[in-house]
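Novice: Would you be able to build a 3D model of this:
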Amino acid sequence: MRDAKPVCGQRHLHVPRVGGVLVAMMLAGGAVLAHLPAVAAESQPAGEVQLLQRMHKAARSLDYAGVYTYQQGSTVLSTQIVHVVDGTGERERVSLLDGQPREYIRHNEITQCLLPDHKVVLKERRDSERFPAVLFDEGEQLAAHYAMRLHEPVERVAGRKCQVLELEPRDAHRYGYRFCADKETGLPLRAQTVGPEGVLIQIVFNTLQVGSQVAPEALTPAWNTKGWKVVELPVEEVDLASEGWRIPLPPGYRPLTQVLRPMKAGRQVKQMVVSDGLASMSIFIEAFAENSDQPHAAGLMRKGAVSVYRKRIGDHWLTVLGEVPAETVRDLADRTEYVPLAVP
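Specialist: Below is the predicted model of the structure:
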């Protein structure tokens, strides 16, 4: 897909999810792109889980528009979002207000990335992965891995009252989170990723309109794309276990997707996305090639909440990336094995 074609950078994922800086550094020639005992049902914080579910439902079912800011260290980026639900499902327009101009136009699971500098539209089928969505699933298992607590009193974000919900990790395989949910609608107004040193990432609405104040006309792209080149990004499902990969996941994490994606120069990368419902990681597997332009930097890299660990396994490069502690990606990669299937 990237043969002289521009790439639509990795998007911010739900509660702040993986950004593109370390992806580009570690995968510059790559993709486009001790179990804990279960907590008894009667002891689960039902109110806290219900608030998480309300937040996620609000992000997917309400009409809203506003500007939110993503902050990680010295990096501060602003994004405009318009989200409307009509008879055809979810429609969304997301515009990056800083850096190179980009827009994402989404209709249910189909996302188009508009690149005005190149007059190209990149079209891909994928689930919504963007703030203010907060969950990958219904969240029933989160209490086994996070201690949840509602804070009083209420706070105020973007001129609206919100309830603070804090999730503290029960082990070292994930970070903590702190959300502020709109009292009226449940929509997340602020999401923070929290590590031992404090807040690592924050996404917060600066302005927000909800309900009838949102005009469907605001979904119209900023550019007329008539005559632009449309590039379809093919994605093929794969089964890494059946191919000989043994990938031991940390407690609470489960696979969400396993796909094959095109890369530049005709190469391909296999990607597994795993999550515990809030935290997520991507595992990238690509063939090793001598005398190629593939990056050869193995080892660990970390920037803010994003950790990346890269190593060679036989004739493959393995890269584990996620907004999780560094030891989580390192341990997963070091415990991964490739057992080639016997040829009959």
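Novice: What count of nearby residues applies to R149?
Specialist: R149 has 13 neighbours, counted by other C-beta atoms under 10 Å. Placement of C-beta: from N, CA and C, glycine included.
Novice: which residues touch stretch 145-160?
Specialist: For stretch 145-160, contacts defined as C-beta atoms under 8 Å, 6 or more residues apart in numbering pick out 36, 45, 47-49, 51, 66, 142, 161-171, 173-174, 176-177, 180, 182-184, 189-190, 204-208, 251-252, 276, 278.
Novice: how long is it end to end?
Specialist: Distance across stretch 145-160, first residue to last, is 30 Å (C-alpha to C-alpha, to the nearest Å).
Novice: Flag every buried residue along it.
Specialist: Judged by neighbour count using 16 or more other C-beta atoms under 10 Å, the buried positions of stretch 145-160 are 145-146, 148, 157-158, 160.
Novice: Of those residues, which belong to strands?
Specialist: The subset of the buried residues of stretch 145-160 located in strands under the criterion DSSP state E comprises 146, 148, 157, 160.
Novice: So the last one versus R170, what's the distance?
Specialist: Same thing as R160. R160 sits 31 Å away from R170, taking C-beta to C-beta, to the nearest Å as the criterion.
Novice: cool, and the first one?
Specialist: Shown here: Y146 relative to R170, a distance of 6 Å by C-beta to C-beta.
Novice: ditto for the third one
Specialist: The spacing between V157 and R170, counted by C-beta to C-beta, is 27 Å.
Novice: What residues does the residue nearest to T88 when sequence neighbours are not counted make contact with?
Specialist: Spatial nearest neighbour of T88, chain neighbours left out: H107 (7.1 Å); criterion: C-beta to C-beta, 6 or more residues apart in numbering. Listed by C-beta under 8 Å, 6+ apart, the contact set of H107 reads 88-92.
Novice: now the residues you listed in JSON lines, with secondary structure, distance to P153 and neighbour count?
Specialist: What follows is the contacts of H107, written out as JSON lines (DSSP: H, G, I helix; E, B strand; the rest coil; distance: C-beta to C-beta, whole Å; neighbours: other C-beta atoms under 10 Å):
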{"residue": "T88", "secondary structure": "coil", "distance to P153": "41", "neighbour count": "8"}
{"residue": "G89", "secondary structure": "strand", "distance to P153": "37", "neighbour count": "12"}
{"residue": "E90", "secondary structure": "strand", "distance to P153": "33", "neighbour count": "16"}
{"residue": "R91", "secondary structure": "strand", "distance to P153": "36", "neighbour count": "17"}
{"residue": "E92", "secondary structure": "strand", "distance to P153": "33", "neighbour count": "18"}
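Novice: so which of those comes closest to L256?
Specialist: Closest approach to L256 among the contacts of H107 (C-beta to C-beta): E90, at 18.8 Å.
Novice: what's across from that closest one in the sheet?
Specialist: According to DSSP bridges, the partner residues bridging E90 are V85.
Novice: wouldn't it be in contact with T111 here?
Specialist: No. Taking C-beta atoms under 8 Å as the contact criterion, E90 and T111 are not neighbours in contact, 10.9 Å apart.
Novice: so Q50 is in which element?
Specialist: Secondary structure here is read from DSSP states H and E; on that basis Q50 sits in helix 46-61.
Novice: Quick check: the gap between the nearest residue to Q192 once chain neighbours are set aside and M148.
Specialist: Across the structure, with C-beta to C-beta, 6+ apart as the measure, the residue nearest Q192 apart from its sequence neighbours is R178 (4.3 Å). Taking C-beta to C-beta as the measure, R178 falls 11 Å from M148.
Novice: related to what we said a few turns ago, out of the contacts of stretch 145-160, which end up buried?
Specialist: When burial is judged by neighbour count using 16+ other C-beta under 10 Å, the buried members of these are 45, 48-49, 51, 66, 142, 162-167, 169-170, 173-174, 176-177, 180, 182, 189-190, 204-205, 208, 252, 276, 278.
Novice: Tell me who's in contact with the nearest residue to T336 once chain neighbours are set aside.
Specialist: For T336, the nearest residue in space outside its immediate sequence neighbours is I247; the separation is 5.0 Å by C-beta to C-beta, 6+ apart. For I247, the residues meeting the contact criterion (C-beta under 8 Å, 6+ apart) are 240-241, 272, 283, 332, 336.
Novice: make it 10 Å
Specialist: For I247, the residues meeting the contact criterion (C-beta atoms under 10 Å, 6 or more residues apart in numbering) are 240-241, 255, 258, 272, 274, 283, 285, 318, 320, 332-333, 335-338.
Novice: Scan these and report the most crowded one.
Specialist: Counting by other C-beta under 10 Å, top hit in the contacts of I247: V320 with 27 neighbours.
Novice: quick check, that one in a strand?
Specialist: Yes. Using DSSP: H, G, I helix; E, B strand; the rest coil, the assignment for V320 is a strand.
Novice: does the closest residue to it other than its chain neighbours sit in a helix, a strand or a coil?
Specialist: Computed as C-beta to C-beta, 6+ apart, the closest residue to V320 that is not its neighbour in sequence is V329, at 4.2 Å. At V329 the chain is in helix, as set by three-state DSSP.
Novice: Before we move on, what's the pLDDT of S292?
Specialist: According to the model's per-residue confidence, S292 sits at a pLDDT of 59.
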